[in-house]
Structures are given as C-alpha cells and as structure tokens.
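**Student:** no sequence for this one, just the structure:
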C-alpha cells in the first residue's frame, strides 16, 4: 500500500473498515484466554467477513490456534464473547455450531473409509441417504479424489489425507471453515501445490475460511486479509500487500518477510516528509503519516524491504524523492533468480539487498563500495520494541521452521 | 540364537512330550507308558468329559463377560480422565494381584462363606433367607474367575482406549456428533481390537482354571481344569491327562485363529 490509509495510532487493535454490505461471520469481542497463569489470548477483538479467506499468522504460542479453537467450541475463553453469525456461542458445545474444522493432524476416523469419513457430518445431521451419496461424490470431485470412496485413511498419502479432511469439513457447507495449520505435515513442494488448490476450492465453494499458520508465505499467497499475532495480540491486520508494504510494528516488519530496520530519531518535519537521523549524522526521509510518532526527538526504526533497494557502484546520492546510503559489500550471494547482498554501513550495521537477475552486466563484488537507493514511498517507520523483550520473529528472512 | 534355544527347550519340547503322551497308553499302576498311536484317546476323552468342557466354556465366558462389563468403565475412566495420575490408578488396579492367586481365592472363600460378613449382612438386612448360600455354586466360581482375571481384561482395554487419538474425538464433536454418538461411532469401534484381545486373554486362562472351581465351587459342576489335574495327580493316567490338555489347547488355538482372521495377527501382539 503506497498511498493508503491514515495514520494508524492504535495499530494493533484497529481492523480495516469493513467492506460494505458484507456480513460478519465470526466475531471475537474482547476475548482473553488464560491457561494456568499464562495469557494465551489477550483482549482479542476481530471481525471475519462473509466469503473472505482470513489468516491468523504468528509464531508458535502466539495464541492463533487457541483463538481458532474458541470458534470451534473446543476452548472456552476466560473473558469476552465469541459470536457466529451474530449469535453468542461463547459457551456452546462444538456439535451445535455451524462451523467445521480441518485439524492439523487431519484427525481422520481410522476405522472408516473415505466415503464414511466425509459422510460423518451429514449422517449426524440426518441427511437423506441419496443426498449424502450425491454430496459426498460431489465434494470428492472438488477436492480431486474421485474413486477413493472405499480407501481407508492409512492407505492414503499425506496430501490425499489432507484433501479428505478438507472434504469432510466442506461437505457440511458450514458458514465458516476453520483450518488449523493444515499444511504443516506436508513437504514443501506439496504445500505449494495445495496452497493454489486450497485457494481454488475456497473461491469455488465460496465458504469463509479462517486459516491458522506460522508460515508467512502461506498466509500471504492465499489470504484476502490476514492478522499477525504475537503474545496473544494482533500486531497488524489488513490485506497481505498492506501488511507487507506498510508494517506497523517491528515484529510485523521482521516476521512477515525480511526488513532492514535502522534505529534513529526524528530530527525534523518538513510538510509531509520527516527526516530521521540514523547514525553518523546519516539521515533518511520518510512520510510523516507513516511515522508512529511525529514529534521531533521521538525514537523510531526506519525500514525498507530488501527488494525495494537498488544497488549501484556509483549513483545519485540523496537525490530527489529517494533515500540513499553508502556502504561496502560484505557478502554477495548468487541465488539464481537474483543476487543477495549484505552491505555493511560505515557504522557497522548490515543492510540486506535483493537484486533481481535481469542480466545487468556489473554485479558488485565483495569488498566494493556501493550506493543503495530507494524511493521515499517505500520507506516505512515503526516504533522500536521495548528494550529487553525477547522476540521470536526478529530473524531476517522467512520464519518457516 | 539363544532365543531359539530357549523356545525349543521351554516350549517346543514340553509340547512334543505332551502331544506324544496323549498318543501313548499308560499303565496307571506302574506309570509306564508305551507308544500305541492311540488317536482314539482324544475323542474318547471329549465324550467322557463333555459336561465338564461345556461347564468350563460357560463359566469362562460368563466370567469374561462380567470382566468386560466391569473393566470397560474403569479403563475408560483412567484413559480419558486419569490425567497425570494414570499410572497410579493402573497400579491401584494391580495391587491386589501381588498376593498369590490361591490366597486371593481362599480370601474369597472366607468372604462368601455362610458366616462371612457379606452373607451375614444380607441375612440381617432380610434380603436373603437363612438357607441362602453362595459357596459351592456356579455363581461363586464365576465371581472368583472374574475377580482373578480382571487385570487381563482391564489392561488391554485401557491400552486400546488410551491410544485413541483425542483429536479424532474432537473431529467427531466438530462434525455434529453428541457425546453419546461420539462414543458409539468413534470410541467403541476403535476399541474393538482391545475388546477382542481382552476377551481372549481373559477367556483362555479362565477356561482352563482349576483353582476357583475347587475352592469356591466345592463339589458342584466340575471344570475341565480340575479334571485334568485329577487325571494327572490322582488317577495318574498321563495319557488321558495329556489328551485332555491337547483338546483344551486346540480350543484356545481356534479362538486365537479366529481373532487373527478377523483383526489380523499384529493386533494380538500389540496388546500382550
């Protein structure tokens, strides 16, 4: 989002404005969940709209699975209320709720074949026999498993089991489908295939999906909207592009994709552009509306995504509406699709740069002096995390463990 | 291969001795036996002790059913609600069985005797008349068998219930199954291998048991185990005793064969 919303003051708890005329399928209303003194979910408020693919993304222990289980009816919140289709279901048993779950381990019934697994929910809701047969056949077609009716779960591959788990939930046409890290048991290649597949199925059946994952790539590829969670709170919410291009906290900036973050202080505000001094008197410019705090002297971290930076042996310095930095290439790695550079600033900080492999002749080599340049529009700023907090997502690169 | 040596020495050799004995003819006075390939001994013994075989089948089956009914709730409760104390509860279940088999049965004789506190209480409460007795009846034998073989039922059931994936249960609730439906459609079918294993492990020893019938059943309907014991130790007819043992063995093997046909042989090993 390069020219979007207004200053986000309480970034962590402000959902985007609801798309007009879309009904709220599920709502968390100031929900907290305390397990033996540990707060797993901390005052969560969230609306999920009809038809959207919504992801809860975060490291393990951030409260995403607990939140999903509260919608499924497997956990009761300590405080707050949970609504489905406007109805308070906080303390309702799972089998009375119009939601279905795809479990992390699939949890297929080992004693039943594929047909009976998929038909389980329909049989409980006393659907007519012919209707059961028709709907099971139809959904197995959609998940691309025709002629698998009589197989047992233990005769299926991981990917097939996952499709059965999906079919078993979807066949009931719930108003909301909950998916609890459904891809975590699949290998990387199959996972990528299933991402495309899952999105296709969601579009086809039109059911609202709530998807829980720790894999930022998964969340970004499939979601219409996503929320990044940490310590039981939502740190950022919006479309994948909004969150990626304009992270509102340091955690979001580093957990979702890689970011270069440079600590500094606001030293001047000139109209819509602020100047931040980072180190050695080096200044960077950033849009005032993207500052967490526009007071002169406020500490901020200025950020830029590695692929937004262009790298050159010589070039314009501090020109026009661009930021630029000089440094020395410490490591240069060829990755096929491009080059990854780690460039050391004169004051010791490293900046990562991804340059696409589009056949440019002179790629800078290790030890060479370079100029890094990027547009002000691609510069964001976040509030520095309180010193001393241990973080689970501050590593560069993806956090796919 | 020391394991093979042990198996041959402790299992195959005695089995061959018993099988060959059953085909010999013995002189009860001298104890000398000669091989006569007397195949007729097997059907003759079956005909002779038909009643005792049926009594054993009946008592063994009754005790096993009582055990299944009693242990299922216990095993279920420990497996699903035992929490961190599961091992403690299992231990409690086994503690009485550290006492010798015969002594336990003798204590039951004392408890069920006409002057024991159980019947005294029932008489004082006017629930039974003065002539009511338990000892010396088939019920006492079945009760004794059920008591003595309870762990053989409870443990395999526990193992079967314990290994049911809790997430599968959650999936059942998620797919609109009430607690009762989840039990009938998921827990019960998934515990069937355990129920079968429990049945076999309880029924086979209960079928061949001779202690309970002698101590608690008195002279009433004799079980086949008692007959075998008497044939060996009282009559001294080793050929007849071995023939009877072979019949008992065959009946047990048929049971195991049926089990492995229905549920596969691997699932037997899992519960032993």
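**Tutor:** Received it, and whenever you're ready, just let me know what you need. Remember, predicted model here, so these are calculated numbers, not experimental data.

**Student:** low-scoring stretches of the chain, by residue?
**Tutor:** By default, I'm working from chain A. Across chain A, the ranges flagged by pLDDT under 70 are A:1-21, A:315-319, A:360-361, A:386-401.

**Student:** chain B was what I was after
**Tutor:** Ranges of chain B meeting pLDDT under 70: B:264-272.

**Student:** could you point out the longest helix in it?
**Tutor:** For chain B, the helix with the greatest residue count under DSSP state H is helix B:50-81.

**Student:** same check on chain A?
**Tutor:** In chain A, assigned by DSSP H, the helix with the most residues is helix A:188-205.

**Student:** next SSE downstream of that one?
**Tutor:** Per DSSP states H and E, the first helix or strand lying C-terminal to helix A:188-205 is strand A:208-213.

**Student:** packing partners of that following strand?
**Tutor:** strand A:24-35, strand A:38-49, strand A:53-57, helix A:64-72, strand A:176-180, helix A:216-222 (3 or more CB pairs under 8 Å, 6 or more residues apart in numbering or on different chains; DSSP states H and E). For the C-beta atoms, the positions are set from N, CA and C on the backbone; glycine is no exception.

**Student:** 6 Å - rerun?
**Tutor:** strand A:53-57, helix A:64-72, strand A:176-180 (3 or more CB pairs under 6 Å, 6 or more residues apart in numbering or on different chains; DSSP states H and E).

**Student:** tell me the angle it makes with strand A:176-180.
**Tutor:** 10 degrees (axes from the mean of the first three to the mean of the last three CA atoms, to 10 degrees).

**Student:** what strands flank strand A:208-213, and is each parallel or antiparallel?
**Tutor:** If you go by DSSP bridges, strand A:208-213 pairs up with strand A:53-57 (parallel), strand A:176-180 (parallel).

**Student:** residues near the residue lying closest to residue B:137 once chain neighbours are set aside, how many?
**Tutor:** Leaving out its chain neighbours, the residue that sits closest to residue B:137 by CB to CB, 6 or more residues apart in numbering or on different chains is residue B:220, at 6.2 Å. Other residues lying near residue B:220 total 14 when counted by other CB atoms under 10 Å in any protein chain shown.

**Student:** now the strands paired with strand A:208-213 in a markdown table, with mean neighbour count?
**Tutor:** Formatted as a markdown table, the strands paired with strand A:208-213 follow (neighbours: other CB atoms under 10 Å in any protein chain shown):
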| stretch | mean neighbour count |
| --- | --- |
| strand A:53-57 | 26 |
| strand A:176-180 | 24 |
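
**Student:** enumerate the residues of the stretch 1-150 of chain A near chain B.
**Tutor:** A:74, A:94-95, A:100-101, A:103, A:105, A:107, A:111, A:120-121, A:124-125 (CB under 6 Å from any CB of the partner chain).

**Student:** which of those sits closest to residue B:49?
**Tutor:** Ranked by distance to residue B:49 (CB to CB), those are led by residue A:111 at 41.2 Å.

**Student:** burial check on that closest one, number of neighbours?
**Tutor:** A count of nearby residues for residue A:111, using other CB under 10 Å, gives 17.

**Student:** backbone dihedrals for it, please?
**Tutor:** Phi and psi for residue A:111, reported as degrees, to the nearest 10, are phi -90, psi 0.

**Student:** how would you label the residue lying closest to it once chain neighbours are set aside: helix, strand or coil?
**Tutor:** Leaving aside its chain neighbours, residue A:111 sits nearest to residue B:189 (4.7 Å; criterion: CB to CB, 6+ apart). Three-state call for residue B:189 (DSSP: H, G, I helix; E, B strand; the rest coil): helix.

**Student:** would you map the helices across the stretch 101-250 of chain B?
**Tutor:** For the stretch 101-250 of chain B, applying DSSP state H, counting those that start in this stretch gives helices covering B:101-112, B:117-124, B:138-162, B:166-174, B:179-182, B:188-208, B:211-216, B:224-230, B:238-263.

**Student:** check whether the longest one contacts chain A.
**Tutor:** No. In this structure, helix B:238-263 remains apart from chain A according to CB under 6 Å from any CB; the gap is never smaller than 11.6 Å.

**Student:** buried residues of that helix, list them for me.
**Tutor:** By 16 or more other CB atoms under 10 Å in any protein chain shown, the buried positions in helix B:238-263 come out as B:238-248, B:251-252, B:255, B:259.

**Student:** then stretch A:29-37?
**Tutor:** Quick answer for stretch A:29-37 (16+ other CB under 10 Å): A:29, A:31-33.

**Student:** can you list the residues of chain B near chain A?
**Tutor:** Counting by CB under 6 Å from any CB, chain B sits next to chain A at B:167-168, B:170-171, B:173-178, B:189-190.

**Student:** same list, the residues you listed, but as CSV with distance to residue A:190 and neighbour count please.
**Tutor:** Formatted as CSV, the residues of chain B next to chain A follow (distance: CB to CB, whole Å; neighbours: other CB atoms under 10 Å in any protein chain shown):
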residue, distance to residue A:190, neighbour count
B:167, 21, 18
B:168, 23, 20
B:170, 25, 19
B:171, 22, 29
B:173, 29, 22
B:174, 24, 28
B:175, 25, 29
B:176, 30, 21
B:177, 30, 22
B:178, 36, 14
B:189, 30, 14
B:190, 28, 19
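
**Student:** would a markdown table of those with distance to residue B:203 be doable?
**Tutor:** Output for those, formatted as a markdown table (distance: CB to CB, whole Å):
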| residue | distance to residue B:203 |
| --- | --- |
| B:167 | 33 |
| B:168 | 29 |
| B:170 | 35 |
| B:171 | 34 |
| B:173 | 35 |
| B:174 | 38 |
| B:175 | 36 |
| B:176 | 38 |
| B:177 | 32 |
| B:178 | 34 |
| B:189 | 21 |
| B:190 | 22 |
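
**Student:** before we move on, back to that, pick the one among the buried residues of helix B:238-263 closest to residue A:148.
**Tutor:** Distance to residue A:148 across those (CB to CB) is lowest for residue B:259, with 29.9 Å.

**Student:** got the contact list for the closest one?
**Tutor:** Residues near residue B:259 by CB atoms under 6 Å, 6 or more residues apart in numbering or on different chains: B:196, B:200.

**Student:** so how far is residue B:192 from it?
**Tutor:** 11 Å (CB to CB, to the nearest Å).

**Student:** one more: residue A:368?
**Tutor:** Where residue B:192 is concerned, residue A:368 sits at a distance of 72 Å (CB to CB).

**Student:** on that earlier part again, among the buried residues of stretch A:29-37, which two are most distant?
**Tutor:** Most distant of these, by CB to CB, are A:29 and A:33, 13.3 Å apart.

**Student:** list phi and psi for residue A:309.
**Tutor:** The phi/psi pair for residue A:309 (degrees, to the nearest 10) is phi -90, psi 130.

**Student:** what number of residues are in the vicinity of it?
**Tutor:** 23.
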